[in-house]
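Peer 1: Turn this into a structure:
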Amino acid sequence: MRCREVVGVDPARLLVLYEELGESEAEEVIATAMEDLAFHLSMIDEASRIGHRSHLRLALPEVATLAESVGLTALARVAEDLCDCVAQGDPVAEAAIMARLNRIAERALTEVWDLDAPPA
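Peer 2: The predicted structure is shown next:
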């Protein structure tokens, strides 16, 4: 079974970044956020595989905040959902949401990296 979810970038959030910071600084902020997201997502994947729940509880809110800051609202929401599952100790839901987080993260990061210019 192949899951397809809408993973878009909130253009309004990006527009605010470009308006507040200017093109050059906004692009720098976005690039830094993308690098940080990739790093934290890698940590989350590893922590999930080896069962380090404390690392998950620390990294997931950071992913949600970073994702929200660059308009990746679906990624932020799924990171928050996974954080809730970890806190509740539900391993079945955690595995399902972890798979969803990985699917959304891969597509979301690609979409942001593929943006060439500020939204119109």
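Peer 1: who does the lengthiest helix in the chain touch, helix- and strand-wise?
Peer 2: Criterion DSSP state H: the longest helix present in the chain is helix 23-50. If contacts are counted by 3 or more C-beta pairs under 8 Å, 6 or more residues apart in numbering; DSSP states H and E, helix 23-50 sits against helix 11-21, helix 53-69, helix 91-113. Yep, even glycine has a C-beta here, placed from its N, CA and C like the rest.
Peer 1: okay, these, which one's buried deepest?
Peer 2: helix 53-69 (a mean of 19; mean count of other C-beta atoms under 10 Å).
Peer 1: who does it touch, helix- and strand-wise?
Peer 2: Judged by 3+ C-beta pairs under 8 Å, 6+ apart, helix 53-69 is in contact with helix 23-50, helix 73-88.
Peer 1: So which of those is nearest D10?
Peer 2: Shortest separation from D10 across these is recorded for helix 73-88, at 5.4 Å, computed as C-beta to C-beta.
Peer 1: and the angle for the closest one with helix 23-50?
Peer 2: 30 degrees (axes from the mean of the first three to the mean of the last three C-alpha atoms, to 10 degrees).
Peer 1: Give me the residues contacting helix 73-88.
Peer 2: With C-beta atoms under 8 Å, 6 or more residues apart in numbering as the test, helix 73-88 has contacts from 5-8, 10, 13, 37, 44, 53, 56-57, 60-61, 63-65, 67-68, 93-94, 97-98, 100-101, 104-105, 108.
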